[in-house]
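Student: Sequence first, then the predicted structure:
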Amino acid sequence: VTLRESLQEALGDGAGVVVQLVPELERVIGAVAGPTPVPSAEEQNRIRLLVRRFIGALAGADSPLVLVVDDLQWADRASVGLLVELVRGHSLDHVLLVVGFRMEPDDATHPLLELAADPPAGGMPIHRMELDALDHDGARALVADALGADEVESRPLADAACDAAGGNPLSLLRFLGVLHDSAVIRRREGDTGWDWDTELLEAQALQQGAGALLERVLARMPAGTIRALEAGACLAGEFSAEHLALGLDSPLDETVVALKPAVDQRVLLPLPVGHGGGQGSPGTGLSYRFVHDRIREALYRRIPAGTRGRIHLDLGEALMSVRQRRGATSLLFDAADQLSRALEIDVLPADGERAAALFVDAGRAANRTAAWHTAVSDLESGLRLLDAGDDHAELAWRLQTALAEAYAMCDRVEDAEAILRRSARETDRLLRHLEIARLRTRMLVLDSRYADAVQAGLEGLRLLGHDLPAWDDVEAWQEPAQSAVVRMG
């Protein structure tokens, strides 16, 4: 049985849902029909079921699967929730799940940490391993191996480098590279050993930090490379050359050339052609990844807040314009993300209505894929733009109803009801009031408030002239119920 056959059998008619989440999978599984629309309340369950089937099809007793998910601190809550459910339910056999997660001070209540602290009795066995920063012994071994030097002889160098890098292995090795480029350390002539200037080494170490190291590397790069790197840091930890070129309003080949010094200095890693896009002209499909998220963070922090907001806005508006011209859905979330980040820094787009319409599309698309928290962020951004400008009733309606749905799926039913009350105040259209009643009924059912849900449904029927009794008036319902039984035979 081929991999394609295994996946087709496991996913069945749901293959289109998984391909929608991971478009590259179509190269393996073949062309599939688009997913059948289902109510949003069912969409999340369908996605979780299909992801379990997808992973299960890749693993077997003769071919166990090791699934490594790194940098999970960047993941959205829907993705984290899916992983937590897989572990809690122990729904996968022959699978080893390895998760890399960098804990920050405010992460004590992160779902993964709560899961590790209180693992379910019937779930996957959990083994938590905390990797501390390198101590001096570990740094001495790393430096000796990197330089091919004697560990005892290189001990002073290793200790200074460890202190400078704060025990971070990546920063330590980069610090060694800076020291070598600055001739602070140098290979002995005619020997395999190394010499270094102790005073310069200590001075460098005292000044050293992640930001300082980056500044030294950037000092050797052209201005165009730095501009491209900063824009890339605003895009993501991993970004496509094409999207970056669009955001910079620069030819694709020039953007690739501008990034080459960053690749040579090992700030960026090029990913295989086709990883982030299709084939075509030079650079098309080429993607890059920052070698470590701390490098990206340092790049991002060095940009002044006002400039950062402007970069996000320029990227978002450029991607939004290209999406409208091409009809490219692949740019939708990237454009929305950039505009959201600009709004967070109070940098507003020139055309608020066009940006709000983009947020509607992004929010609805996120709702369809059960990315509820992403949908909330996008739709709230869209409403903020409308609140800051003129009244656009049609656009506001689309934003409010999609946001109410996303709120309800994030267990924020009170916020959802508040949005719908606002919508009801702002419209006099019968069909919209009926839609509000329908949405309220569904979200109240999801919240297990069945009596309130029945009341909301009755209010909707009254709008159509069906003045039915109150739901708890048993006597009043006896005759209509008997009549219904008679009609059904």
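Tutor: Cool, the structure landed. Numbering: from 1, shown residues only.

Student: Packing partners of the lengthiest helix in the chain?
Tutor: Counting by DSSP state H, the longest helix found in the chain is helix 305-326. Counting contacts by 3 or more CB pairs under 8 Å, 6 or more residues apart in numbering; DSSP states H and E, helix 305-326 packs against helix 223-235, helix 241-248, helix 332-344, helix 352-368. C-beta here means a position set from N, CA and C on the backbone, and glycine is covered the same way.

Student: How far does the first one sit from its chain's centre?
Tutor: So the one you mean is helix 223-235. 20 Å (CA atoms, centre = their mean, to the nearest Å).

Student: Tell me what angle that helix forms with helix 241-248.
Tutor: 100 degrees (axes from the mean of the first three to the mean of the last three CA atoms, to 10 degrees).

Student: residue ranges of the strands in this structure, please?
Tutor: 65-69, 95-99, 185-187, 194-196, 238-240, 268-271, 287-290 (DSSP state E).

Student: Mean neighbour count, mean pLDDT and distance to residue 84 added to these, as CSV?
Tutor: Formatted as CSV, the strands of the chain follow (neighbours: other CB atoms under 10 Å; pLDDT from 0 to 100; distance: least, CB to CB, whole Å):
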stretch, mean neighbour count, mean pLDDT, distance to residue 84
strand 65-69, 13, 91, 12
strand 95-99, 15, 90, 10
strand 185-187, 17, 86, 46
strand 194-196, 16, 85, 48
strand 238-240, 21, 87, 24
strand 268-271, 18, 87, 28
strand 287-290, 22, 90, 26
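
Student: Dump those into JSON lines; add distance to residue 308 as well.
Tutor: As requested, the strands of the chain are arranged in JSON lines below (distance: least, CB to CB, whole Å):
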{"stretch": "strand 65-69", "distance to residue 308": "28"}
{"stretch": "strand 95-99", "distance to residue 308": "30"}
{"stretch": "strand 185-187", "distance to residue 308": "35"}
{"stretch": "strand 194-196", "distance to residue 308": "38"}
{"stretch": "strand 238-240", "distance to residue 308": "16"}
{"stretch": "strand 268-271", "distance to residue 308": "19"}
{"stretch": "strand 287-290", "distance to residue 308": "16"}
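
Student: quick one: which of the ones you listed is nearest residue 299?
Tutor: When the strands of the chain are compared by CB to CB, strand 287-290 sits nearest residue 299, at 7.7 Å.

Student: From the contact counts, what lies against that closest one?
Tutor: Packing partners of strand 287-290 (3+ CB pairs under 8 Å, 6+ apart): helix 223-235, strand 238-240, strand 268-271.

Student: Parallel or antiparallel, list what pairs with it.
Tutor: Taking DSSP bridges as the criterion, strand 287-290 forms sheet pairs with strand 238-240 (antiparallel), strand 268-271 (antiparallel).

Student: quick one on the thing from earlier: and the longest helix of the chain, which residues are buried?
Tutor: Neighbour-count burial for helix 305-326 flags 308-320, 322-323 (criterion: 16 or more other CB atoms under 10 Å).

Student: returning to what we had before: using JSON lines, please lay out the helices and strands packed on strand 287-290 together with distance to residue 348.
Tutor: Listed next are those as JSON lines, based on distance: least, CB to CB, whole Å:
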{"stretch": "helix 223-235", "distance to residue 348": "17"}
{"stretch": "strand 238-240", "distance to residue 348": "24"}
{"stretch": "strand 268-271", "distance to residue 348": "31"}
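
Student: what's the closest of the buried residues of helix 305-326 to residue 138?
Tutor: Within these, proximity to residue 138 (CB to CB) peaks at residue 308, which comes in at 35.6 Å.

Student: Could I get the helices and strands packed on helix 305-326 in CSV, plus columns for mean neighbour count and mean pLDDT?
Tutor: Putting the helices and strands packed on helix 305-326 into CSV (neighbours: other CB atoms under 10 Å; pLDDT from 0 to 100) gives the following:
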stretch, mean neighbour count, mean pLDDT
helix 223-235, 21, 92
helix 241-248, 24, 88
helix 332-344, 23, 88
helix 352-368, 22, 87
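
Student: With distance to residue 299 as extra columns, can I get those in a markdown table?
Tutor: Output for the helices and strands packed on helix 305-326, formatted as a markdown table (distance: least, CB to CB, whole Å):
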| stretch | distance to residue 299 |
| --- | --- |
| helix 223-235 | 4 |
| helix 241-248 | 13 |
| helix 332-344 | 15 |
| helix 352-368 | 26 |
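
Student: Can you tell me which of these is nearest to residue 257?
Tutor: The closest of these to residue 257 is helix 223-235. By CB to CB, the value is 8.6 Å.

Student: returning to that earlier point: right, and the helices and strands packed on helix 305-326 - which one's nearest residue 300?
Tutor: Among the helices and strands packed on helix 305-326, the nearest to residue 300 by CB to CB is helix 223-235 (4.5 Å).

Student: So which elements touch the closest one?
Tutor: Helix 223-235 packs on helix 241-248, helix 252-264, strand 287-290, helix 293-301, helix 305-326, helix 332-344, going by 3+ CB pairs under 8 Å, 6+ apart.

Student: Repeat the analysis, applying 6 Å as the threshold.
Tutor: Helix 223-235 sits against helix 241-248, helix 252-264, helix 293-301, helix 305-326, with contacts defined as 3 or more CB pairs under 6 Å, 6 or more residues apart in numbering; DSSP states H and E.

Student: any weak-confidence spans in the stretch 151-300 of the chain?
Tutor: 191-192, 202-213, 272-285 (pLDDT under 70).
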